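> return a 3D structure for these sequence lines:
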Amino acid sequence: MSKDKDDTTPTAFGIDIGGSGIKGAPVDLRTGEFAADRVRIPTPDESTPDNVARVVAEVVRSFDLPDDVPVGVTFPAVVQHGVARSAANVDSSWIGTNIEHVVGQALGRPVVAVNDADAAGYAEAVHGAARGSRGVTLLTTLGTGIGTAMVVEGVLVPNLELGHLEIDGHDAETQAAESARERDDLSWEEWAQRLQRYYAVVEDLLWPDLIVVGGGVSKHHEKFLPLLHLRAPIVPAQLRNAAGIVGAAALAARAAGVTVPGENAP
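Here you go, the predicted model:
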């Protein structure tokens, strides 16, 4: 995704750190589209903080990035005030590491770090399936686990981790994630019954105005979303693989005091 832009276009840079790849691109904050083609470099086999930070710096150096452009990174962990409190698909040495400090040092510029599901959820609220929606928006990503994010009137509520709710004696994602559908060889109808149970519990806890469903399986949304019966509308995500980069960029811009067009905040 690329587009021409003039000098007045508000831009931020997003980086999506994953277990297999580190991807980055500048983002046009008016549209949520990439302002240049994305660059992807494989995540190092030894995904320690120093090794990952070096690759992030390599991604950023692929672009002629002005010094004042906000930079945001997603990370597969609970991220509390820039510090990783867990580690999924990356080296355990990240736990307790200040992501913003390590990556910021490698880049020589300030960095905002956020949980990967939070970034995707925020992107959908600002530029995706929830754009223009008021009140409480809940995003879930159905994959190996269940990632969750909540945006309330344009403000992100971080680190919900609602995939780990205990429902009927089980960690919810072990029964309702897309990986559980594959593991147990479930039909779409059988899986939808598990999703119905999961979303009904979450809906009773949070009373969202809109639920957005992401993850790779969302491209097959017509096979299972119509089978769910909830109070809130439930719709497929729109940004797919771009969501992490777009959300990280938008959150970095917001932290830097840059107005992000499309935000629903009062």
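> how about the strands in the stretch 101-250 of the chain?
For the stretch 101-250 of the chain, strands defined by DSSP state E, counting those that start in this stretch occupy the ranges 112-115, 136-142, 146-152, 155-157, 166-167, 170-171, 210-214, 234-236.
> CA atoms of the first one as PDB?
In this case it means strand 112-115. Provided in PDB are the C-alpha atoms of strand 112-115 (Å, rounded to 0.1, in the frame of the first residue of the first chain):
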ATOM      1  CA  VAL A 112       6.000   4.400  22.100                       C
ATOM      2  CA  ALA A 113       5.500   0.700  22.700                       C
ATOM      3  CA  VAL A 114       2.000  -1.000  22.900                       C
ATOM      4  CA  ASN A 115       0.600  -4.500  23.000                       C
END
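> report all helices and strands that that strand contacts.
Under the contact definition 3 or more CB pairs under 8 Å, 6 or more residues apart in numbering; DSSP states H and E, strand 112-115 sits against strand 71-75, strand 79-80, helix 99-107, helix 243-255. (C-beta placed from N, C-alpha, C; glycine too.)
> now stretch 215-222: buried residues?
215, 217-218 (16 or more other CB atoms under 10 Å).
> lowest pLDDT pick from these?
Of all the buried residues of stretch 215-222, G215 has the smallest pLDDT value, namely 90.
> packing partners for the longest helix seen in the chain?
Determined from DSSP state H, the single longest helix within the chain is helix 188-206. Helix 188-206 sits against strand 136-142, strand 146-152, strand 166-167, helix 172-176, helix 178-183, with contacts defined as 3+ CB pairs under 8 Å, 6+ apart.
> what segments of the stretch 1-150 of the chain are helices?
Ranges of helices within the stretch 1-150 of the chain are 49-61, 99-107, 116-127, based on DSSP state H, counting those that start in this stretch.
> any chance of the strands of the stretch 101-250 of the chain in JSON lines, with mean neighbour count too?
Shown next, in JSON lines, are the strands of the stretch 101-250 of the chain (neighbours: other CB atoms under 10 Å):
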{"stretch": "strand 112-115", "mean neighbour count": "28"}
{"stretch": "strand 136-142", "mean neighbour count": "26"}
{"stretch": "strand 146-152", "mean neighbour count": "25"}
{"stretch": "strand 155-157", "mean neighbour count": "16"}
{"stretch": "strand 166-167", "mean neighbour count": "13"}
{"stretch": "strand 170-171", "mean neighbour count": "14"}
{"stretch": "strand 210-214", "mean neighbour count": "25"}
{"stretch": "strand 234-236", "mean neighbour count": "19"}
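> out of the ones you listed, which gets nearest to D16?
Checking the strands of the stretch 101-250 of the chain against D16 by CB to CB gives strand 112-115 as the closest, at 10.5 Å.
> so what touches the closest one?
Here strand 112-115 makes contact (CB atoms under 8 Å, 6 or more residues apart in numbering) with 70-79, 82, 84, 99-100, 103, 122, 149, 156, 158-159, 247-248, 251-252, 255-256.
> ok, it: who's next to it in the sheet?
strand 71-75 (parallel) (DSSP bridges).
> next, the angle from the partner strand to helix 243-255.
130 degrees (axes from the mean of the first three to the mean of the last three CA atoms, to 10 degrees).
> for the record, mean pLDDT for strand 71-75?
For strand 71-75, the mean pLDDT works out to 97.
> just stretch 49-60 next, same as before
97.
> which residue is nearest the middle of this structure?
A120 (2.6 Å; CA atoms, centre = their mean).
> if I look at that one, how far off is T137?
A120 is 12 Å from T137, where distance means CB to CB, to the nearest Å.
> kindly report the same for Q196.
Distance of Q196 to T137, computed by CB to CB: 20 Å.
> low-confidence stretches in the stretch 1-150 of the chain?
By pLDDT under 70, the weakly predicted segments of the stretch 1-150 of the chain are 1-9.
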